[in-house]
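Asker: Quick one: sequence plus predicted model below, questions after.
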Amino acid sequence: MFKMNVVRTLFALGLMIGCAQGAQASLLDQVQKRGFLICGSNPGVPGFGLPDDKGGWTGFDVDFCRAVAAAIFNDPTKVKFIALSAKDRFTALQSGEVDLLSRNTTWTLSRETGQGFLFAGISYYDGQGFLVRKKLNLSSALELSGASICVQQGTTTELNLADFFRGNNMKYEPVNFANAEEAVRAYEGGRCDAYTTDASGLYVERQRLTDPEDSVVLPEIISKEPLGPAVRQGDDEWFNLVKWTLYALVNAEELGVNAKNVDEKAKSDRPEVRRLLGFEGNFGEGLGLGADWAYRIVKHVGNYGEIFDRNLGEGSPLKIKRGINALWTKGGLQYAPPIR
Amino acid sequence: MAGSTRGGPGANALYVLQGNIPPRAPPLRRRRLIDLLAGNLFDGWRASLLTIATLLLIALVAPPLLRFLVFDAVWSAPDGAACRAPGAGACWAFIWRKLPYFTYGSYPLDQRWRVDVTLAMGAVLIVWLLWLNAPRRNLAALLFFGAYPIIAFLLLHGAPFIGLPRVASDLWGGIFVSLLVATVGMVVSLPFGVLLALGRRSSLPALSLACAGFIELVRGVPIITVLFMANTMLPLFVPENLAPDRLLRPLIGVALFASAYMAEVVRGGLQAIPNGQFEGALALGLGRWQMQRLVILPQALRAVIPGVVNNFIALFKDTTLVAVVGIFDFLRTVDSARLDPVWAGPTIAATGYAFAAMFYFVFCFAMSRYSLFVERRFSHGR
């Protein structure tokens, strides 16, 4: 009990210091004065955040940080990435060491109410899925009745799996392993019919199989893992900026504006496009930015679809399908409020 | 005690030799291979059995290992496709492709010559310093401990006033950061360790208590805990702009740790110096520091060379722990490179770790051989 109190006091102290700093100057002012954005990134998740051959950061979450930097500085390279482990990430955000956390973090209630964060939206709808061999000729997870399934022990994955099969009145045989690597080896060795973890992870693990083309990811997603960028509470201007950066990316895709045609689209007569690119109204002002804030984002980083495609989709080795991450107009869940 | 009598062991005690040892053939001056084999490997049935068992074990382990590492290995490939082929061994093409990343981490491409220059200067100075017959070694020491850290800092971190742009430490990584952490740890720990050891043996109670307290405190906590504390708790207590650099935090932690361990090794050496040496030095009229510098420490340090090198080797491998606080040291770069979806495949992790093992082995083995050489060299005078 004493220990808990100490921890709480420390957190409170940290938050107080953080707030005191926030009161001095808004985070946007601080970032502009500093000259670069500090982004908490993932130390290594393929497709989301990973250093490439030259040591530069690439990935879906990384590109989101670059989009924010592009909106503020008109230069996507003005970001400093700090690799944060799952343990480190929350203190780093609480203490003000990073301006923004973009490292596939699941949006949950307790993370907003208990730890003082705000999630700026959902950049990637992840959820648990199944990897099976092609030759089983399965088209749905509902056909997995009686299957043996490799799963990592002691994770929520294991519990979701049990819920799914019980809820659908199906039998299965769980085969537990201490870590993901062992579970995948066992799947590859034919010890079980299917392997289950978060869908984005399935595509990564599939890539490590001797023959990735031999296995497919089934379309069913059996749990909710909404991933998105998070900021500290207490600076609404900054929260808005991060949130609308995400919305600008999604709106740009919806309006068909991408990095290649953005200059051409600038001549467009469509009012939505003109508002997005800053030719009608001055919506950037409310965010503390110039009118061309969204133009900068799309020009330098591309729209949501482009970011998805080059890091996770067909333009990448992972080849993840858009699925529920498609636009709402195409049967997915990505939907952004209008800019007006 | 049963067999012994008052004056000592009896003449019929079991361990007292009865009669003379039979004469043996003189050892051969120049040994032929066949003698060597017969004399060492097949000397009696026990040795023969062990030799055969060892040979069998080698025959069992070596072929698959060689097949994986050499014969089936993929030496060059544009991406992971060739390495994913069934039956393919180690994917050296992957290592080759990622070698710049393993060496420099995220250091900007056009600035990497600065790392090269720093490493080359360090290598020259270290060879100069460690080569016992080299001329003017005290100049080397002066350069290495005095000028080199400053030059290295200016080169690596940057100095806009001489035209070198700043490179923030979050971009540093790879082998050069591993070497940096290890070198800082070693260079700091030896002098601080000596001072702490002397302090702990001091007759001034305050000094001795403080030194003992520091040593025990640091040795009593796992290094990983200190790294985590420095990384997650420190920023909560100090204002954002005062928090030390993310690379400096583990550097300080590692240096403190290495010093505490070194202090105990050195103290072991000091403990072994007979009192006569102190008295002799005092009788010659040497002062307290002269006595330590000229008489005690040279003998004490010589006695603890194996212990010191042992510490250095442990420290070199402990540098991998900085990865837990987000520093991309060599092992961490290997660990993240193996996740690259372009190369991902069943053999990539094994190849990466095999390469890392070789890297650490080469450095540790070199340190070990050098220490043996120095020991032998110093024992000539005895």
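Answerer: Received, thanks.
Asker: distance between stretch B:130-150 and the chain's centre?
Answerer: On the basis of C-alpha atoms, centre = their mean, to the nearest Å, the separation between the geometric centre of stretch B:130-150 and that of its chain is 20 Å.
Asker: The closest residue to chain A within the stretch 151-300 of chain B and B:Ser203, how far apart?
Answerer: Closest contact between the stretch 151-300 of chain B and chain A, by C-beta to the nearest C-beta, is at B:Leu236 (3.6 Å). C-beta here means a position set from N, CA and C on the backbone, and glycine is covered the same way. Look at B:Leu236 and B:Ser203: by C-beta to C-beta, to the nearest Å, they are 41 Å apart.
Asker: quick one on the thing from earlier: what is the neighbour count of the residue of the stretch 151-300 of chain B closest to chain A?
Answerer: 20 (other C-beta atoms under 10 Å in any protein chain shown).
Asker: is it true that it touches A:Gly96?
Answerer: No. Between B:Leu236 and A:Gly96 there is no contact under C-beta atoms under 8 Å: 9.4 Å.
Asker: re earlier: send the alpha carbons of the one helix or strand the residue of the stretch 151-300 of chain B closest to chain A maps to over as PDB?
Answerer: Under the criterion of DSSP states H and E, B:Leu236 resides in helix B:234-237. Coordinates of each C-alpha in helix B:234-237 appear next as PDB, following Å, rounded to 0.1, in the frame of the first residue of the first chain:
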ATOM      1  CA  LEU B 234      14.900  11.500 -13.600                       C
ATOM      2  CA  PRO B 235      12.800  13.300 -16.200                       C
ATOM      3  CA  LEU B 236       9.900  13.400 -13.800                       C
ATOM      4  CA  PHE B 237      11.900  15.300 -11.200                       C
END
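Asker: Sort out which residues of it are buried, please.
Answerer: Within helix B:234-237, the residues that qualify as buried are B:Pro235, B:Leu236, counting by 16 or more other C-beta atoms under 10 Å in any protein chain shown.
Asker: From the chain's centroid, how far away is that helix?
Answerer: On C-alpha atoms, centre = their mean, the centre of helix B:234-237 falls 32 Å from the chain's centre.
Asker: can you give me the strands in chain A?
Answerer: With DSSP state E as the criterion, chain A has strands at A:37-41, A:50-51, A:57-58, A:79-83, A:100-106, A:117-119, A:124-126, A:128-133, A:147-152, A:172-177, A:194-198, A:215-217, A:225-232.
Asker: now the helices: where do they sit in the stretch 51-200 of chain B?
Answerer: In the stretch 51-200 of chain B, the helices defined using DSSP state H, counting those that start in this stretch lie at B:81-84, B:92-104, B:112-130, B:137-142, B:148-157, B:175-200.
Asker: typo on my end, it should be chain A
Answerer: Taking DSSP state H as the criterion, chain A carries its helices at A:2-24, A:27-34, A:60-73, A:88-94, A:109-113, A:156-167, A:180-188, A:199-207, A:236-254, A:262-265, A:271-276, A:293-301, A:304-311.
Asker: Need the helices of the stretch 51-200 of chain B in CSV (columns: mean pLDDT and distance to chain A).
Answerer: Formatted as CSV, these follow (pLDDT from 0 to 100; distance: least, C-beta to the nearest C-beta, whole Å):
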stretch, mean pLDDT, distance to chain A
helix B:81-84, 84, 6
helix B:92-104, 92, 5
helix B:112-130, 92, 10
helix B:137-142, 88, 33
helix B:148-157, 90, 15
helix B:175-200, 93, 12
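Asker: Dump the ones you listed into a markdown table; add mean neighbour count and distance to B:Val221 as well.
Answerer: A markdown table is the format used below for these (neighbours: other C-beta atoms under 10 Å in any protein chain shown; distance: least, C-beta to C-beta, whole Å):
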| stretch | mean neighbour count | distance to B:Val221 |
| --- | --- | --- |
| helix B:81-84 | 18 | 42 |
| helix B:92-104 | 20 | 31 |
| helix B:112-130 | 15 | 31 |
| helix B:137-142 | 13 | 33 |
| helix B:148-157 | 16 | 27 |
| helix B:175-200 | 21 | 16 |
